[in-house]
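Colleague: The sequence and its predicted three-dimensional model are supplied below.
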Amino acid sequence: MEAGEFVRYRCHPVAPELGVLHARYRRHAFGRHAHPTYAIGVIDHGSEELSYGEYAGAGDVVLINPETVHAGHAMTDEGWAYHVFYVPVEFVQSGFSKTPALTRRIVDDPSARNALRTAIRAIDEDVCTADTLLSAALANVFGRYGGLPPERGPGAPVAVAARDILSDEHRTPPSLGELAELLGTNRFALLRAFRDTYGLPPHAYLTQYRVRKACTLIRRGAGLAGAAAAVGFVDQAHLSRHFRKTLGITPGQYRRAVQERTRTAGRAPLG
């Protein structure tokens, strides 16, 4: 890690799948990736450039939907520092008739910013307080910026079928050509449909799926080398490289966060 950088990842006391990242990055750059969760955060200092020429500075609230491809790197040598909640879809879904989509990416909104910072400070309080203030912050954000998800394109059924096959066979996946043949199409049409639907080519989606599976195994107590092998990475170093590129932390830091929450909660790791 570069001088002046730090990373702390924690599991929120409400649920182990609900992560909280506090970090400062100067040289680290996130590759194009997506999360299965909402990523809702506040820039504390400095400025970050997101995908497609979007810029977030100190005080801005960043709102990213699940499965939305994005990247991130510092705009200046100062880097940027931020807090981010990684909120599972199920945590939000229960309050709406349909899964909501965030309609803005970067906002300068004092009300939302203050609510999120209050929720951040409450993480070390009792579970009821932490849960209540996080729920209030999310209600604020989705009340202001929640909407219906966009319609998918005509290639979505083929892309979804391809994703399901890759997920089921993530350890030894078929080639793009084999996948296209299984689905009765050609490799170029499949690649186009997959990019249009998920914002990534199949191989990049597969890598991120493996990282997600590794997270699940680590939460259940698996060793890092074992988790890497179980999801199809060559070795632990291979897992670590993609883990940090996607999540900004190492598998070891993630495991420590899970273990810390387990000790605090006084119960076994949850799946």
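Modeller: Done, it's in. Numbering: from 1, shown residues only.

Colleague: how about the helices in the stretch 1-150 of the chain?
Modeller: Here the stretch 1-150 of the chain has its helices, by DSSP state H, counting those that start in this stretch, at 89-93, 110-121, 127-145.

Colleague: Go through these and name the closest to residue 77.
Modeller: Residue 77 lies closest, by CB to CB, to one member of the helices of the stretch 1-150 of the chain: helix 110-121, at 25.1 Å. The C-beta positions use only the backbone N, C-alpha and C, and glycine is treated the same way.

Colleague: got the contact list for that closest one?
Modeller: Helix 110-121 is contacted from outside by 20, 22, 40-42, 59-61, 83, 85, 130, 133-134, 136-137, 140-141, 144-145, using CB atoms under 8 Å, 6 or more residues apart in numbering.

Colleague: now stretch 60-67
Modeller: By CB under 8 Å, 6+ apart, stretch 60-67 touches 34-43, 48, 50, 56, 70, 82, 84, 89, 101-102, 104-109, 112-113, 116, 141, 145, 149, 198-199.

Colleague: how many other residues sit next to the closest residue to residue 84 other than its chain neighbours?
Modeller: Computed as CB to CB, 6 or more residues apart in numbering, the closest residue to residue 84 that is not its neighbour in sequence is residue 41, at 3.4 Å. Per other CB atoms under 10 Å, the neighbour tally for residue 41 reads 23.

Colleague: How about the contacts made by residue 41?
Modeller: Here residue 41 is in contact with 21, 61, 62, 82, 83, 84, 85, 116 (CB under 8 Å, 6+ apart).

Colleague: Do a quick rundown of the helices in the stretch 151-271 of the chain.
Modeller: Counting by DSSP H, counting those that start in this stretch, the helices of the stretch 151-271 of the chain are 156-168, 176-182, 187-198, 202-219, 224-231, 236-247, 251-265.

Colleague: between those helices, which gets nearest to residue 125?
Modeller: Closest of the helices of the stretch 151-271 of the chain to residue 125 is helix 251-265, at 12.2 Å (criterion: CB to CB).

Colleague: Thanks a lot, see you next time.
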